[in-house]
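J.: Show me the folded form of this:
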Amino acid sequence: MVRTLTFDSGGTSCAATLYRPAGGGARPCVVMGHGFTGTQDQLTAHARAFADQGLAVLTFDYRHFGASGGDPRQVVDVDEQLADWRAAVDLARSLPEVDPQALALWGASFSGGHVLRLAAEDPRIRAVVVQAPEFGMGSSSVLEEIRAKRQDQGVPLTTILRVGARLMGAAVRDELRARRGRPPCLLPVFAPPGGVGAVIDPDHRRFLARAVETGPTWRNEFAARLFLHPPRYPRGTAERVTAPLLVCVAEHDTETNPRAAADIARAAPRGQVLSYPVGHFDLYEDPWQQKVVEDQARFLRQHLITGGGAAAA
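T.: Sure thing, here's the model as predicted:
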């Protein structure tokens, strides 16, 4: 059973979808938000799988993306996205189909850091799952990703530095355009090696094709100003997460830092790490997607249903 919803966040209407498992009564609920420029339609496979396990699922689009409002389009704003998350959680708790005392957060990549921060500030959250998370784009994280690009993909350092300089140049131009009220300077999300984009990878065509296939509302572009306002990981955040935390890392991830993610997970009082011998985007494709979803569903059921959440039907 699927129901479309809307909610207000900062005066903007945001689109949401509730996946309701069979049977009556209020159910434990997983609130899911995509990473970076992703849209909620790209979470359908995960959401349906969790609903099949007896969990309600609420997905949503951030402002400026997908079916949500907000202009200009394709602008990634960390503070706005955090506010969207809080509004989505409030919506979930207000729904009659949801047990407000049995709520979990699920984030991937860019939204991994979001849900960690939200769980640290909201002790009512019962469980947290993050997949190939970006916990912060500090200097150590950037250096680790450069190392991975060179080692795992054979991208020359000169190419990485040249692309980095062009990205920052585009970010400055976009920032100036924003201050003058002009349309954003948009860059592609997926680009080939030597190109300019957020994800520069030899397999960019495969990743792009999958994103288009699973996300009818998704666009392969984003406002470059993000690079001047990257997410940061506030030290001590994981230590304040009292809920059980599952961090799924891709060992050969060249887009986020799997080593930093594992260290942060282990700093949480109830943190757990599952590691998979694949790259960042392999977690969204079978056979690995099926394995990851099964592991995550087992964790969520343990802490939301068998561990004391609402009873299963």
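J.: got the residue ranges for the strands in the stretch 51-200 of the chain?
T.: For the stretch 51-200 of the chain, the strands defined by DSSP state E, counting those that start in this stretch occupy 56-60, 98-108, 127-131, 186-187, 190-191, 199-200.
J.: closest one to T254 among those?
T.: For these, the distance to T254 is smallest for strand 199-200, at 9.0 Å, taking CB to CB. (Each C-beta comes from the backbone N, C-alpha and C, glycine too.)
J.: State the mean pLDDT of the closest one.
T.: Average pLDDT, strand 199-200: 85.
J.: any idea which helix is longest in this protein?
T.: helix 157-179 (DSSP state H).
J.: For that one, buried residues please.
T.: Neighbour counts using 16 or more other CB atoms under 10 Å place I160, V163, L167, A170, A171, D174, E175, R177, A178 of helix 157-179 among the buried residues.
J.: correct me, but V163 touches I200?
T.: Yes - between V163 and I200 there is a contact at 6.2 Å, judged by CB atoms under 8 Å.
J.: overlap in contacts of the two?
T.: Shared contacts of V163 and I200, defined by CB atoms under 8 Å, 6 or more residues apart in numbering, are found at G194.
J.: for the chain, what helix or strand is lowest in average pLDDT?
T.: helix 139-153 (a mean of 52; mean pLDDT, DSSP states H and E).
J.: any chance of the strands of the stretch 51-200 of the chain in CSV, plus distance to L246 and mean neighbour count?
T.: Listed next are those as CSV, based on distance: least, CB to CB, whole Å; neighbours: other CB atoms under 10 Å:
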stretch, distance to L246, mean neighbour count
strand 56-60, 16, 29
strand 98-108, 9, 23
strand 127-131, 5, 28
strand 186-187, 32, 20
strand 190-191, 28, 20
strand 199-200, 24, 21
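J.: With distance to G23 as new columns, can those strands be given to me in a markdown table?
T.: Formatted as a markdown table, the strands of the stretch 51-200 of the chain follow (distance: least, CB to CB, whole Å):
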| stretch | distance to G23 |
| --- | --- |
| strand 56-60 | 11 |
| strand 98-108 | 13 |
| strand 127-131 | 21 |
| strand 186-187 | 45 |
| strand 190-191 | 40 |
| strand 199-200 | 40 |
